[in-house]
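A.B. asks: here is my input; please provide its structure:
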Amino acid sequence: MPTTLSGEDRNLVLVGFMGTGKSTVGRILAARLDRPLMDMDEMIEHRAGKPITAIFAEDGEPAFRAMERELVRELSRRGGQLISAGGGVVLDEENMRDFSASGLVVCLQADADEILRRVQAEEHRPLLSGDKRRQIETRLRERAPFYDAVPFRIDTTNRSPEEVAGRILERYRDASRGANA
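C.D. replies: Next comes the predicted model:
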């Protein structure tokens, strides 16, 4: 169980579907907050000693989700972190409960056309084999209730990463001040 944190000790957690800007916006926020960006996918790859595509291919999605769950538990016990979570982290209710208790969770969203444009050339997405458009639309539809359950959501489709980061930072600072009151 994570410790409930307040003020500047609160974590800032970015969730959302692949291609919505978590890594790009996360890097901007890291610079503005002077904190390292804890990219969960990169951390899992480092711990497993192989890329996520290999984890999915060799060990299966359940093994990946178990590693992801353990990392969420670990990160939620610490404070003052900027975390970029994988797109499927929202599928586990315990993940979201832990993240919400440890800080502000922000869901980045974009429409399917924009996501496809952003990830079209990428080959490291294990859940986008075959028809990428169909995979994106299907997964967005399946995950919509989970993403929609996050109280603070930002559509990144027609916004610059700097604008998105600015809105998040404003909300995070407001939430931190409110937690200190």
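
A.B. asks: what about the helices in the chain?
C.D. replies: Along the chain, counting by DSSP state H, helices occupy 22-33, 40-48, 52-54, 61-76, 93-102, 112-119, 132-148, 161-180.

A.B. asks: for the shortest one, give the mean pLDDT please.
C.D. replies: What that stands for is helix 52-54. If you average the pLDDT over helix 52-54, you get 89.

A.B. asks: tell me which residues of the lowest-mean-pLDDT helix or strand in the chain come out buried.
C.D. replies: The weakest-scoring helix or strand in the chain, judged by mean pLDDT, DSSP states H and E, is helix 161-180 (a mean of 86). Judged by neighbour count (16 or more other CB atoms under 10 Å), helix 161-180 contains these buried residues: 161, 164-168, 172, 175-176, 179. The C-beta positions use only the backbone N, C-alpha and C, and glycine is treated the same way.

A.B. asks: and what of stretch 16-36?
C.D. replies: 16-30, 33.

A.B. asks: CA atoms only: put that stretch into CSV for me.
C.D. replies: This file holds the C-alpha atoms of stretch 16-36, laid out as CSV (Å, rounded to 0.1, in the frame of the first residue of the first chain):
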residue,chain,number,x,y,z
GLY,A,16,-2.6,7.3,-21.5
PHE,A,17,-2.6,5.3,-24.7
MET,A,18,0.7,5.0,-26.7
GLY,A,19,1.4,8.0,-28.9
THR,A,20,-0.5,10.5,-26.7
GLY,A,21,2.7,12.3,-25.7
LYS,A,22,3.6,10.8,-22.3
SER,A,23,7.3,10.6,-23.1
THR,A,24,7.5,13.9,-24.9
VAL,A,25,5.5,15.8,-22.4
GLY,A,26,7.3,14.0,-19.6
ARG,A,27,10.7,15.2,-20.7
ILE,A,28,9.4,18.8,-20.8
LEU,A,29,7.9,18.4,-17.3
ALA,A,30,11.2,16.8,-16.0
ALA,A,31,13.1,19.9,-17.1
ARG,A,32,10.6,22.3,-15.6
LEU,A,33,10.3,20.4,-12.3
ASP,A,34,14.0,19.6,-12.2
ARG,A,35,13.2,15.9,-11.7
PRO,A,36,14.2,12.8,-13.6
